[in-house]
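S.K.: let's see this in three dimensions:
(chains A, B and C)
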Amino acid sequence: MTTETIHQKFGPPEIGGIGHSVKRAEDDRLVQGAGHYVDDIVLPGMLHLAMLRSPVAHARIVSIDTSAAEALEGVVAVLTGEALAGYNLAWMPTLSGDTQAVLATDKVRFQGQEVAAVVAENPYVAYDALELIDVEYDVLPPVMSPQAALADGAPLIRDDKEGQTDNRCYQWEAGDKAATDRAFEAADHVVSIDTFYPRSHPSPLETCGCVADVDPATKHVTVHMTSQAPHAHRTLFAMVTGLPEQNIRIISPDIGGGFGNKVPIYPGYVVATAASLVIGRPVKWVETRTENLISTGFARDYHMHGELALTSEGRILGLRVKMLSDNGAFFADAQPTRFKAGLFHIVTGSYDYPAAHVVTEGAYTNKAPGGVAYRCSFRVTEASYLIERLVQNAAYELGIDPAEIRRRNFIQPDQFPYTSPTGFVYDSGNYPAALQKALDIVGYDDLRAEQAAARERGDKMQVGIGIASFTEVVGAGKGTEYDIAGLRMFDSAELRIHPTGKAILKLGVRSQGQGHETTFAQIVANELGIPSIDVKVMEGDTDNTPYGLGTYASRSTPVGGAATVVIARKLREKATKIAAHLLEAAEGDIEFDAGKFSVRGSPDQAVTIQDVALAAYTNLPEGMEAGLEGVHYYDPPNMTYPFGSYVVVVDLDTETGQWKVRRMVAVDDCGVRINPMIVDGQIHGGLAEGYAMSSMQFITFDEDGNCIGSNFMDYLVPTAWETPRFELGATVTPSPHHPIGAKGVGESATVGSPAAFVNAVIDAVADRGIRNIDMPVLPSRVWHALQEASRS
Amino acid sequence: MEITVTVNGVERTADVEPRVLLADFIRTHLGLTGTHIGCDTTSCGVCTVLLDGAPVKSCTVFAVQADGRSITTVEGLRTNGELSAMQKAFKAEHGLQCGFCTPAMMLVGKHLLESNPDPSEDDVRWAISGNLCRCTGYVNIVKAIRAAASESKGVSA
Amino acid sequence: MYPAAFDYVAVHTLDEALATLSEGDEDTKVLAGGQSLIPMMKLRLATPTKLVDINRVPGLSGLDVSDGHLVVGALTRHNDVVNSDLVKAENPTMAAAAPWIADPLVRNLGTVGGSLAHADPQGDWGSVMLACGAEVVAVSSSRGERTIPVTELFVDLFTSALEPDELLTEVRVPRYTGPAGGTYLKLERKVGDYATVGVAVHLQLDGGRIGQAGIALTGVGSKNIKATQAEGALIGQVPGDELFAHAGELAAAAADPRTDVRGSAEFKRSVVSTFVRRGLSEAASQAAGQVVPA
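M.R.: Here you go, the predicted model:
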């Protein structure tokens, strides 16, 4: 596959097919404040649920007295773990094969864990009632790091699990140890790094929540829910509650951002549904920001050790990685079952070498359960961070320019499809072109010259240039290898064309802002010539859409988009037959272009797709079934591999450690771009999140187990003032296995940019021997690194 | 306590407890759900409304404080059934993705243009520095507000 | 997320405000901007039983010069100060500090008086007023008016010298009587974050030497800190880099920072030193007429 110029347009703009920056269909309601988010839903008789949460990280529950809360006027019910146990709902399965407490029964295992729930007439009364619940705790020593968790004599956190004698959560490895050992023996240099990717959190601006509406007469359940995967959630609800699946309806309305936070099932959803079932009225649960940050699916928290074996010319021979992950109190990662560390074994990166060995281990700690989420595919950002930091450090250690060392090691375009030492088959890529484009845009050589001069003068302000050339892996692979909780990671599209030539497309994925109502309509427009504004896209209602695994890991375009292409092409086949019938020509003589079916050689003999649509209901060939519709479930043959090169330039004040981004150049390649405007928007958002994590954003804990980072005063989201300006570039290397060559892009920038930002700061002070400053790279950390460097 | 608040030009009267937050009053008592709630520490700004024309975080004002005063919410941006220049600009410039911060951003943008009809990029970023967005990286929000400024000046964006 | 219940009264005159306060107890609180109080109430860290809303009392807001002072009405909103040409002309320290406070939305409601009465060591106005030698006027219905120098206003963490029945009505900042300059430097992780370190400085020259100096620190102690030793070292001296570096060291020694997520105590002291040095240099340039106050 060749790298093409970007924004290649398919078809005329008035159809709005792929390649066009069609304005978004969803915007009309959203700019009027007429979006329909979960908290906007008001049902007759609706009650409000508030959750009582543990103030301590680790404790035995001695007693819970709810009598005063129950007596408060306006309180309808107070639920505890004991009450739920009667319905077998006190514990629920997680997406990673573990169990998680819905409401604590024996112990609390993290600060913020759900202990009791109040259902009341309005939220003010519910919060008043929370204060009246009296819980006696017998505090236990908290385990606040995975190292402490795995140390001898550590307190046992999961004493609820039969056979669990320590705090080990999982172990998983990939690659070839023997081959890697040989590579290291043959190496001229070994460069290593110990680095920590701190705990962070997706924190979409809309928190998680639901309105659980159980019809008291029929016991049919409707849950309006912030869900990125409504069908999977419905099936899991059925399995957890025992209620029949056909009588459960999950409706995921407008979602105010997901980033992976809305993939897990949280206790609040289960308690609200149980409460609605028992009370016979709708129950709304919408968590506060503090609850969101302290208890829902976090991300990262990986302690990583990496080693590169290199020749003296800087060619990589092998990679060794040991990773220890902090999984919190319950293993609730949402990721493919086979891969306990997600897709972390993409850590080999964009480079060509034969040997790698990756060993991963997870530990339970007294922190919120999780994680994996936050716009990173499955652990791909951690992997990308490690390899890009290692390669940058290798450049310093070997005295090779950081761009050059990457060039020497890139997988070359003619090597694709490329099988990595850990078993991924990269579909396509052109890493040298992306890097060169980024370097050209930023003016790399001039910047290196500027840096040399500033160092020579010993300026107080120093400049740093950071590079990250990432390959990420998204979408899904074959169902035989990729499943979540057993559900294979296919996705689906159901397309129906109406008599007047309009269409409705129903999907198994679920947008949380990515613009599916527009981009998926563009796919249909591209294949059938129906203008994209004539295509209604529906997602999120499990009664009205085909089964899918939802939207996360940038999978919608690779998997759902492919399903849409396939079914659209099937309908085009039927449409061609109808056109032939209308034109009284042979099917083999019909040509199709941008919505017109014509007879080969006689372009005036033509009918439009709209003519064909009407005919599907009014004038069919003999023996043909009426209608023009179908559904396709797409099993992807492989993941897709978007990639890019990012270059960040920072100015660093060596007196205070403050640094500011002067330039941020991002060249992305996500294959064919359905809507360039929307693709750019996804990249902007991801770059901002990468900047956040690199500069200020993390959740940490003190030794008593208190969470620091459980509200927006402590967990920092940058404003427009701090967020850098971005310069975007693009290359287009289509995916050879995707029907329209698209790869997915929602997470590329979050994956690739943290390393670029951090590499830039390290680069500014690398001449002093500094090789690592963990994120977030706060001025204080830079200052301390400088102090230490000047002492040694 | 009985309060009378002019909401998007229309007088509304209601009886509320003093502790009812203005954001909650707007969403629950008035049924105007375009004003959102995103945090509990006055940090995110998605609850922004114009109080007597000035943008404030409505989650950190009690409804009773608005007695006798006027507020403008996102629902008040449309005039005579037509989207405002700001709303059109946000659509034209892809200034929103999930839409949760958008009502707030548009109201702050509207207020900015009233005193600064030709804002620079820095001016806009400073003006919205009390409003968080997680989706857009702010790039197109800034473009949208400046496009609305051009539009209002009669210069094509 | 939702506060506990409380009684509420909106007063319309100063006398009404004072009468209501004197009838109340220590659980009666003044509601001015509410941008510090209401967040605490929502988390139920503050549970006043009665709120006295003074926002409708006329005459408590405004910026004016009178009797050798820049007079700031207690209800003057932070953004009023940001937008004030008078403040830009009169007091560069105040002018520099105002945009650093919270964020643009909070600044539309938060008040100068409320901020000082709140006695938060991470409040920017506290350091500005300490540096500038300001005083506040407090009134109660039984004892009338009294003046409290800001040096005596901050007693401890969130504890001011105001009695429960007193209302802070105005802040009086002495006007400069000679060539002067000042600024405010703040290290914050993002807009709206509390200061990791904040430094307010001002200088007034007298015959080419420093006649008056003010240095005060934000976020590095349980109260805003006036670096009196550092100030003293400047008086009577000729402005210069070495002098300012020395003052920076003394100011750093006066700081009492905690190690926390924003940085180590050692780091914060270092930033105090750097910022004091840079701030004094800026102030001296302004005073020498080389830089027009922003």
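S.K.: residue A:208 versus the residue lying closest to residue A:540 once chain neighbours are set aside, what's the distance?
M.R.: In space, and not counting its chain neighbours, residue A:540 is closest to residue A:252: 3.7 Å by Cβ to Cβ, 6 or more residues apart in numbering or on different chains. C-betas here are computed from N, CA, C, even on glycine. As judged by Cβ to Cβ, to the nearest Å, residue A:252 and residue A:208 stand 12 Å apart.
S.K.: residues that sit against both of the two, list them.
M.R.: residue A:226 (Cβ atoms under 8 Å, 6 or more residues apart in numbering or on different chains).
S.K.: look at these two and report which has more neighbours.
M.R.: Of the pair residue A:252 and residue A:208, residue A:252 is the one with more neighbours under other Cβ atoms under 10 Å in any protein chain shown, namely 29 against 25.
S.K.: quick one, what contacts that one?
M.R.: A:224, A:225, A:226, A:227, A:228, A:230, A:510, A:539, A:540, A:541.
S.K.: who's the second one bridged to?
M.R.: The residues paired with residue A:225 through beta bridges, assigned by DSSP bridges, are residue A:210.
S.K.: ok, it - how many residues close by?
M.R.: The burial count for residue A:225: 30, using other Cβ under 10 Å.
S.K.: with the last one instead?
M.R.: Residue A:541 sits with 17 neighbouring residues when counted by other Cβ under 10 Å.
S.K.: spatially nearest residue to it (excluding sequence neighbours)?
M.R.: Closest to residue A:541 by Cβ to Cβ, 6+ apart is residue A:251, at 4.9 Å.
S.K.: still on that earlier bit, out of the contacts of residue A:252, the closest to residue C:47 would be?
M.R.: Nearest to residue C:47 among those: residue A:226, at 31.3 Å, using Cβ to Cβ.
S.K.: now do the same contact list for residue 238.
M.R.: No chain in the question, so chain A it is. So residue A:238 contacts A:244, A:245, A:248 (Cβ under 8 Å, 6+ apart).
S.K.: correction: the question concerned chain C.
M.R.: By Cβ under 8 Å, 6+ apart, residue C:238 lies in contact with C:208, C:209, C:210.
S.K.: let's see 7 Å
M.R.: Going by Cβ atoms under 7 Å, 6 or more residues apart in numbering or on different chains, residue C:238 touches C:208, C:209.
S.K.: how many other residues sit next to the residue of the stretch 401-550 of chain A found nearest chain C?
M.R.: Proximity of the stretch 401-550 of chain A to chain C (Cβ to the nearest Cβ) peaks at residue A:460, 10.2 Å away. Residues near residue A:460, counting by other Cβ under 10 Å, number 11.
S.K.: can you pull the contacts of it?
M.R.: Contacts of residue A:460 by Cβ under 7 Å, 6+ apart are A:653, A:654, A:655.
S.K.: ok, now how distant is it from chain B?
M.R.: Distance, residue A:460 to chain B, using Cβ to the nearest Cβ, to the nearest Å: 25 Å.
S.K.: ok so, going back, among the contacts of residue A:252, which ones are buried?
M.R.: Among those, those scoring as buried are A:224, A:225, A:226, A:227, A:228, A:230, A:510, A:539, A:540, A:541 (criterion: 16 or more other Cβ atoms under 10 Å in any protein chain shown).
S.K.: quick check: residues of the stretch 151-294 of chain C near chain B?
M.R.: Selection of the stretch 151-294 of chain C residues close to chain B by Cβ under 7 Å from any Cβ of the partner chain yields C:191, C:192.
S.K.: would you format the contacts of residue A:252 as JSON lines with pLDDT included?
M.R.: Compiled in JSON lines, the contacts of residue A:252 are given as follows (pLDDT from 0 to 100):
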{"residue": "A:224", "pLDDT": "98"}
{"residue": "A:225", "pLDDT": "97"}
{"residue": "A:226", "pLDDT": "97"}
{"residue": "A:227", "pLDDT": "94"}
{"residue": "A:228", "pLDDT": "92"}
{"residue": "A:230", "pLDDT": "95"}
{"residue": "A:510", "pLDDT": "91"}
{"residue": "A:539", "pLDDT": "96"}
{"residue": "A:540", "pLDDT": "95"}
{"residue": "A:541", "pLDDT": "96"}
